[in-house]
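Trainee: Okay, sequence plus prediction incoming.
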Amino acid sequence: MAIVLWLAWSAAACALLPTRRDRASDDSAAHSAVVVPNPPPSPDPQPWEENEYAIIVRKRERTLTLYHNSVPDRVYPIVLGIDPYGPKLYQGDLRTPEGLYRIQSKRPHQRWARFLLLSYPNDVDRRRYAMAVNEGRVPVIDGHPPGPGGAVGIHGTDRVDSNARGVDWTWGCISMLNQHVKEIYDAVPVGTPVLIEE
């Protein structure tokens, strides 16, 4: 039941701001300045019990927790979309999704080290978008609503200083330090569940 409730809160969109790059040659110094909390309790086992790995993103805590066999293994600091809270309604609203997704694909990325594509939008996101359009809560651009969005993922950063300071800068994706996203990328297979909580 808890997972069903989380599905009702799903949302997001990503494409990152084409702004300046805070790239450092190595983000290990930035990592050493970040304080990471202790791992939280294990999630409700229903979506996780058939998967060796699972990920929970807690937006308010700005953490990504990697679970291995339903046990918290590692906790990483993250940053989010510029307007990170609340359900995503449409492409370009700068929000990070909330809900249950899966890693759809993985690939190296020239700008962000690694990119793990999430299965956004899901059916809940599409229904929420349609309802928002009918209620007039989605802007009309060039005569059409912009759509629910897509290309939301977990990736590294070319703005190491922003990540280290906890500054939300993406258009909806989840950004990690490059050394951290490489660890996640190497650990989890395609199909891994990702629960994004407010």
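Mentor: All right, it came through fine.

Trainee: CA only for contacts and neighbour counts going forward, please
Mentor: OK.

Trainee: show me the contacts for Leu117.
Mentor: The contact partners of Leu117, taken as Cα atoms under 8 Å, 6 or more residues apart in numbering, are 103-106, 151-154.

Trainee: Show me which residues of the longest helix anywhere in the chain are buried.
Mentor: Using DSSP state H, we find that the single longest helix of the chain is helix 123-134. Buried positions in helix 123-134, judged by neighbour count with 16 or more other Cα atoms under 10 Å: 124-126, 128-130, 133.

Trainee: ok, now stretch 51-59?
Mentor: The neighbour-count check on stretch 51-59 (16+ other Cα under 10 Å) flags 51, 53-59 as buried.

Trainee: Could you find the lowest-pLDDT member of those residues?
Mentor: Looking at those by pLDDT, the weakest one is Asn51, with 90.

Trainee: Strands of the protein, start to end?
Mentor: Along the chain, counting by DSSP state E, strands occupy 53-58, 63-68, 71-77, 99-109, 113-118, 153-155, 174-175, 193-197.

Trainee: circling back to that earlier point, just name the closest of the buried residues of stretch 51-59 to Leu177, please.
Mentor: Val57 (14.8 Å; Cα to Cα).

Trainee: Report the central residue of the chain.
Mentor: Nearest residue to the geometric centre of the chain (Cα atoms, centre = their mean): Ile174, 3.6 Å.

Trainee: which ones are touching it?
Mentor: Ile174 neighbours (Cα under 8 Å, 6+ apart): 78-81, 96, 153-155.

Trainee: Most neighbours out of those, which is it?
Mentor: Thr96 (31 neighbours; other Cα atoms under 10 Å).

Trainee: That residue reaches Gly81, doesn't it?
Mentor: Yes - if you go by Cα atoms under 8 Å, Thr96 and Gly81 touch, sitting 5.3 Å apart.

Trainee: what touches both of the two?
Mentor: 14, 171-174.

Trainee: Of the residues you listed, just say which sits nearest to Asp186.
Mentor: Closest to Asp186, out of all of the shared contacts of Thr96 and Gly81 and judged by Cα to Cα, is Ile174, at 17.0 Å.

Trainee: So that closest one versus Ala151, what's the distance?
Mentor: 11 Å (Cα to Cα, to the nearest Å).

Trainee: Show me where this protein dips below the pLDDT cut-off.
Mentor: Within the chain, the segments meeting pLDDT under 70 span 1-49.

Trainee: Can you give the distance of stretch 130-141 from its chain's centre?
Mentor: 24 Å (Cα atoms, centre = their mean, to the nearest Å).

Trainee: And the contacts of it?
Mentor: The contact list for stretch 130-141 (Cα under 8 Å, 6+ apart) reads 89-90, 145-146.

Trainee: Appreciated, that's everything.
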